[in-house]
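Chemist: sharing a model that was predicted from the sequence below.
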Amino acid sequence: MPARKIAVHLAMAALSLCVALRMGAQSKTSAAPAERIEARVVDLSLGGNEPPLRLGLQRLMQLYQVPGLSVAVIDGFRIVWTGAYGVMEAASARPVTPGTLFQAGSISKPVAAAGALRLVEQGRLSLDEDVNSRLQTWKVPENEFTRTEKVTLRRLMSHTAGLTVGGFPGYETGAHIPTLAQILDGTKPANTPAVRIDLVPGTRVRYSGGGVTVEQLLMMDVTGKPFPALMRELVLDRIGMTGSGYEQPLPPARAAVAASGADTGGKTIPGRWHVYPEMAAAGLWTTPTDLANFAVEIALSRHGKSNRILSEKITALMLTPVLGEAGLGFFLDPDSPGEFGHNGADEGFQSLLWMNSETGKGVAIMANSDNGNAVGDLLLRAVAREYGWNYKDPEQGAFGALMVVAKTRGTAAALRLYTEFQKPGDGTYRVAEWTLDRMGHRLLDSGQNEDAIGVFRRNVREYPKSARACDSLGDAYAKTGQKDLAIHSYEMSLQLDPNDQRATDRIRDLKGIK
């Protein structure tokens with residue numbers, strides 16, 4: 001048996017031994033919901049004469065090759081139960097516990113935003129002044145886009161500053177780590193492009209980890225303190241997030257209780273995890289319990305019932321949309337009053353945080369896997385179902401349901417369910433143009449090429465005026481060596497969108513035109 005298969009086999013064996021380890025704030029009354037959720041995370045009617053699909057958490061983690069997962073559930077503005085499942089590292093027998101540290105990925109951003117807003121309350125930062133007036137060690141380069149509008153802290157936190165670089169891949173353990181200035185200028189050893197303005201600030205939401213890295217530097221420049229120590233002072237220590245920290249790389253004492261990241265195949269990533277000097281954007285190590293306590297603090301502050309970090313007034317600003325669904329650090333749902341949250345993904349780790357400040361309900365889920373949020377989203381929905389939450393996110397729910405059906409019953413069954421989702425229903429599931437497109441790419445990435453082609457062809461039929469649908473079908477044909485069909489698909493994309501430069505380039509490549 002190949003070494004990789006042995007490793008995965010051992011990891012799944014360890015998972016079966018360690019699953020269902022629950023600790024924390026449980027009682028006899030709260031254990032019953034937890035047990036029901038664990039036993040039936042997926043409970044999906046497939047329509048027609050097909051039997052329903054029902055999967056417990058253990059089976060779901062095995063299916064997605066997730067070594068370990070931890071969860072904290074909030075009800076009535078308090079944590080009602082926590083769960084820890086699986087192992088800290090694939091092919092090991094060390095069980096995940098509620099104290100196991102995971103990388104939070106982009107959930108680092110709202111926690112960092114709370115720190116920045118505390119500096120605003122202290123009068124050390126302003127939400128709406130040009131950040132260049134306070135930055136000392138580096139300045140945002142001005143250009144034609146900043147003639148009338150400037151980069152401000154409010155815009156940095158809401159992804160409306162017009163700055164580039166969406167996310168960061170991190171650096172392998174032991175690699176040379178760049179300074180923030182090198183990261184922002186895209187100079188070696190930085191592994192991402194320069195962070196620059198290419199949109200008029202304030203005109204559009206475009207996710208920018210680069211902008212949040214400017215926010216990190218701004219906080220450090222005005223205080224003269226290292227970011228980890230500053231965040232401990234402003235946020236973490238104030239609400240008892242004692243297990244959490246922004247230290248990068250991770251100190252040895254914390255490394256001893258940290259999970260190791262895993263890829264989509266369940267294999268531990270080299271060096272166990274990546275290092276993220278972009279701390280505000282991606283560098284928080286934490287637990288679901290600490291994240292849940294943070295969410296509860298924000299929710300209570302929104303009602304003036306706690307002010308350990310922020311006042312009621314500035315918390316209201318944090319949870320008010322700046323543009324679209326973007327608040328200050330969090331994303332908001334305008335159709336669900338009080339709802340705020342964020343997802344996270346670092347190399348080998350994924351997580352999600354959801355809270356409603358009106359109902360006092362929420363959940364934090366963290367996993368040491370690049371498939372973590374595939375399981376986490378299904379688990380979130382199971383929690384919402386059990387506790388009667390008004391949580392739907394119908395398009396994401398449809399995608400998650402289709403993918404788990406494809407994994408267990410096959411792509412044909414998933415496409416039949418897609419047809420069921422197109423029928424008028426209760427609003428739990430809703431398909432969109434991206435639903436099958438994303439599903440097709442997942443299948444293509446996993447080597448299920450013919451299934452992917454079938455899904456992309458279905459999407460072209462569903463959305464005949466979509467250049468993206470044609471472009472994706474071209475990708476699948478190109479990957480499988482069907483050059484003429486690939487060229488035809490890219491040409492269809494160009495007819496729908498003459499500005500599709502990618503399709504133009506792919507056609508030239510396939511035709512051998514230099």
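Modeler: Okay, I see it.
Chemist: can you give me the domain assignment for this protein?
Modeler: 3-99+388-393, 105-387, 395-511 (automatic domain parsing).
Chemist: most packed of these?
Modeler: Compared across these, domain 105-387 shows the largest average neighbour count, a mean of 20 (mean count of other C-beta atoms under 10 Å). Quick note: C-beta positions are derived from backbone N, CA and C, even for glycine.
Chemist: that older thread, turn the domains of the chain into CSV, including mean pLDDT.
Modeler: CSV is the format used below for the domains of the chain (pLDDT from 0 to 100):
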stretch, mean pLDDT
domain 3-99+388-393, 79
domain 105-387, 97
domain 395-511, 95
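Chemist: could you pull out the strands for this protein?
Modeler: Ranges of strands within the chain are 42-44, 53-55, 68-75, 78-86, 102-103, 171-172, 274-275, 285-286, 331-332, 339-346, 349-356, 361-367, based on DSSP state E.
Chemist: any chance of these in a markdown table, plus distance to residue 452?
Modeler: A markdown table is the format used below for the strands of the chain (distance: least, C-beta to C-beta, whole Å):
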| stretch | distance to residue 452 |
| --- | --- |
| strand 42-44 | 22 |
| strand 53-55 | 21 |
| strand 68-75 | 28 |
| strand 78-86 | 29 |
| strand 102-103 | 30 |
| strand 171-172 | 30 |
| strand 274-275 | 29 |
| strand 285-286 | 36 |
| strand 331-332 | 30 |
| strand 339-346 | 22 |
| strand 349-356 | 22 |
| strand 361-367 | 25 |
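Chemist: and of those strands, who's closest to residue 494?
Modeler: Each of the strands of the chain has some distance to residue 494 by C-beta to C-beta; the shortest is strand 339-346, at 32.4 Å.
Chemist: next up, the contacts around residue 69.
Modeler: Applying C-beta atoms under 8 Å, 6 or more residues apart in numbering, we find residue 69 in contact with 57, 61, 84-86, 96, 365-369, 372, 375-376, 379.
Chemist: hmm, 10 Å instead?
Modeler: Contact partners of residue 69, counting by C-beta atoms under 10 Å, 6 or more residues apart in numbering, are 15, 19, 57, 60-61, 83-86, 96, 100, 102, 259, 288, 350-351, 365-369, 372, 375-376, 379.
Chemist: before we move on, what about residue 248?
Modeler: Per C-beta under 10 Å, 6+ apart, neighbours of residue 248: 103, 170-171, 177, 227-228, 274-279, 282-285.
Chemist: circling back: any idea which of the strands of the chain gets closest to residue 459?
Modeler: strand 42-44 (21.5 Å).
Chemist: partner strands of that closest one, with direction?
Modeler: strand 53-55 (antiparallel) (DSSP bridges).
Chemist: quick one: contacts of the strand it pairs with?
Modeler: Taking C-beta under 10 Å, 6+ apart as the rule, strand 53-55 contacts 39-46, 61-63, 378, 382, 401, 404-405, 407-409, 413, 417.
Chemist: swap in 8 Å and give it another go.
Modeler: 40-44, 46, 63, 404-405, 408-409.
Chemist: would you mind giving the residues you listed as CSV with distance to residue 388 added?
Modeler: Formatted as CSV, the contacts of strand 53-55 follow (distance: C-beta to C-beta, whole Å):
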residue, distance to residue 388
40, 16
41, 17
42, 18
43, 15
44, 18
46, 24
63, 27
404, 23
405, 25
408, 27
409, 28
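Chemist: between those, which sits nearest residue 361?
Modeler: Nearest to residue 361 among those, with distances taken as C-beta to C-beta, is residue 41, at 17.7 Å.
Chemist: report the contact partners of the closest one.
Modeler: Applying C-beta under 8 Å, 6+ apart, the residues near residue 41 are 55-57, 60, 375, 378-379, 382.
Chemist: can you list those in a markdown table and add distance to residue 245?
Modeler: Output for these, formatted as a markdown table (distance: C-beta to C-beta, whole Å):
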| residue | distance to residue 245 |
| --- | --- |
| 55 | 35 |
| 56 | 33 |
| 57 | 28 |
| 60 | 30 |
| 375 | 26 |
| 378 | 29 |
| 379 | 26 |
| 382 | 30 |
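Chemist: distance check, residue 487 against residue 458.
Modeler: 21 Å (C-beta to C-beta, to the nearest Å).
Chemist: how close does residue 170 sit to residue 353?
Modeler: Residue 170 is 20 Å from residue 353, by C-beta to C-beta.
Chemist: actually residue 37, not the one I typed
Modeler: 18 Å.
Chemist: tell me the contacts of residue 337?
Modeler: residue 358.
Chemist: any idea how far residue 333 is from residue 419?
Modeler: 28 Å.
Chemist: next one: residue 405
Modeler: 26 Å.
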